[in-house]
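S.K.: quick one, structure for this:
(one chain, ligands or ions: 1)
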Amino acid sequence: MMQTALFTTEEFEVQKNFKAIRSPLFYVGDKYKLMPQLEKLFPDNINNYYDVFCGGGSASINVKAKKIIMNDVDVKIIELHNFLQDKSSNIEQFIESMYNLIRQYELSLSELEKNEEIERLKKKFKKTYFAKYNKQSYLKLRDDYNRDQTNTELLYLLLVYGFNHMIRFNTQGQFNLPVGNVDWNKNVSTALRSYAHWYNSNNVEMSKGLDFEDFVNSIELEAGDFLYFDPPYLITFSDYNKLWGLEEEKRLYNLLDKLSDKGVFWGLSNMVTHKEKTNEILFDWAKKYSKYSIESNYISRFDNTIKKKSKEIYVTNY
Ligand SMILES: C[S@@+](CC[C@H](N)C(=O)[O-])C[C@H]1O[C@@H](n2cnc3c(N)ncnc32)[C@H](O)[C@@H]1O
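M.R.: From the prediction side, this is the model:
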């Protein structure tokens, strides 16, 4: 196995000719901006590509492989992907139906309509004008969804208008995210069209939503397969980190070691240091593998105007 000095490996410049596609899930911590660097480090000619912690799916949407298989332990994420994939056969009709729903709820629709009330609010509330305008309609939408959670259209609309586009449920299973300062703009329709195009031109399969270890153990691996791991980071903060602790971290590294022993190729995204914190377990474990540093900018969870510079790494066994 290739040995490299720890975390002094080359920096990868963003490829000028690789334009990453944004997922319509606009997922917190998504790999959209990092894909130009990561894709360059993935193996060539991938047979089955396993996106073990798929989240919004940015890694899957921007990879070349014969078949793409996506998994996440969050069944709501799996539901949203299945839903959007189902709509991909006629994405224009779906977008039209969402416009109708937006109008029915009297939410703002900046892609199509200039709204004088929002222009007025913009002057007074520089960072919260959409939130001020949409709050009551959003709360009605949220109540309706919580009354009948089988309607995934409503969940997708909540994701578009919710704070930082997050998907968050309380312990009683009620969607509880507040309204965000966002609305349906042209980026949403563009991302939906790109997703549909990607889905229609690739061989994509969704898992049922398993824990990473159960998912990997259920795979019948073939030659040329590649597994990408983008777990929650132990030393950073996001909603899905609730599901992640030391035990999961150790379980993951054991699994990756076992895969290496079997000669299976994998790649792992992670973060070794963040502010004053260091992930010591990762630091020690990764010594035996190849490491690449990845440039990234993270948006603060508390103030989405502040961008913090953080260093990500990519660890591989090939
Ligand atoms: C960093 S995010 C992945 C982001 C994704 N690569 C993207 O581009 O959108 C980590 C994901 O791991 C999922 N997750 C957390 N614990 C898990 C587990 N035990 N097994 C599988 N997935 C898990 C979370 O739901 C979350 O979506």
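S.K.: quick one: least confident helix or strand in the protein?
M.R.: Using mean pLDDT, DSSP states H and E, strand 307-316 stands out as the lowest-scoring helix or strand of the chain, at a mean of 76.
S.K.: now Val216: which helix or strand?
M.R.: Using DSSP states H and E, Val216 maps to helix 212-217.
S.K.: name the helices or strands packed onto that helix?
M.R.: Packing partners of helix 212-217 (3 or more Cβ pairs under 8 Å, 6 or more residues apart in numbering; DSSP states H and E): helix 246-261. Glycine gets a C-beta too; all of them are placed from N, C-alpha and C.
S.K.: buried sites along the helix it packs on?
M.R.: Buried residues in helix 246-261, counting neighbours by 16 or more other Cβ atoms under 10 Å, are found at Glu248, Glu249, Leu252, Tyr253, Leu255, Leu256, Leu259, Ser260.
S.K.: quick check: what element follows it along the chain?
M.R.: Going down the chain from helix 246-261, the next helix or strand is strand 265-270, by DSSP H and E.
S.K.: near the ligand, which residues of the stretch 101-250 of the chain are found?
M.R.: Asp211, Phe212, Asp230, Pro231, Pro232, Tyr240, Leu243, Trp244, Glu248 (Cβ under 6 Å from any ligand atom).
S.K.: what about 8 Å?
M.R.: 210-213, 215, 228, 230-233, 238, 240, 243-244, 248 (Cβ under 8 Å from any ligand atom).
S.K.: which of these count as buried?
M.R.: Leu210, Phe212, Phe215, Tyr228, Asp230, Pro231, Pro232, Tyr233, Ser238, Tyr240, Trp244, Glu248.
S.K.: can you list these in TSV and add secondary structure?
M.R.: Shown next, in TSV, are these (DSSP: H, G, I helix; E, B strand; the rest coil):
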residue	secondary structure
Leu210	coil
Phe212	helix
Phe215	helix
Tyr228	strand
Asp230	coil
Pro231	coil
Pro232	coil
Tyr233	coil
Ser238	coil
Tyr240	helix
Trp244	coil
Glu248	helix
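S.K.: can you pull out the helices in the stretch 1-150 of the chain?
M.R.: Assigned by DSSP state H, counting those that start in this stretch, the helices in the stretch 1-150 of the chain fall at 35-41, 58-61, 75-87, 91-104, 116-124, 129-147.
S.K.: so of those, which one's packed in deepest?
M.R.: Mean neighbour count (mean count of other Cβ atoms under 10 Å) peaks for helix 58-61 among these, with a mean of 27.
S.K.: what's the spacing between that helix and its chain's center?
M.R.: 8 Å (Cα atoms, centre = their mean, to the nearest Å).
S.K.: with just CA atoms, put it into CSV.
M.R.: Taking Å, rounded to 0.1, in the frame of the first residue of the first chain, the C-alpha atoms of helix 58-61 are listed here in CSV:
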residue,chain,number,x,y,z
SER,A,58,-23.8,15.4,-4.8
ALA,A,59,-21.1,12.8,-5.0
SER,A,60,-23.2,10.4,-6.9
ILE,A,61,-24.5,13.0,-9.3
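S.K.: Ala20: which of the helices of the stretch 1-150 of the chain is closest?
M.R.: Among those, helix 35-41 comes nearest to Ala20, with 4.1 Å by Cβ to Cβ.
S.K.: could you find the closest non-adjacent residue to the closest residue to the ligand within the chain?
M.R.: Residue of the chain nearest the ligand, by Cβ to the nearest ligand atom: Gly55 (2.8 Å). In this structure, Gly55 finds its nearest non-sequential neighbour in Tyr27, 4.7 Å apart by Cβ to Cβ, 6 or more residues apart in numbering.
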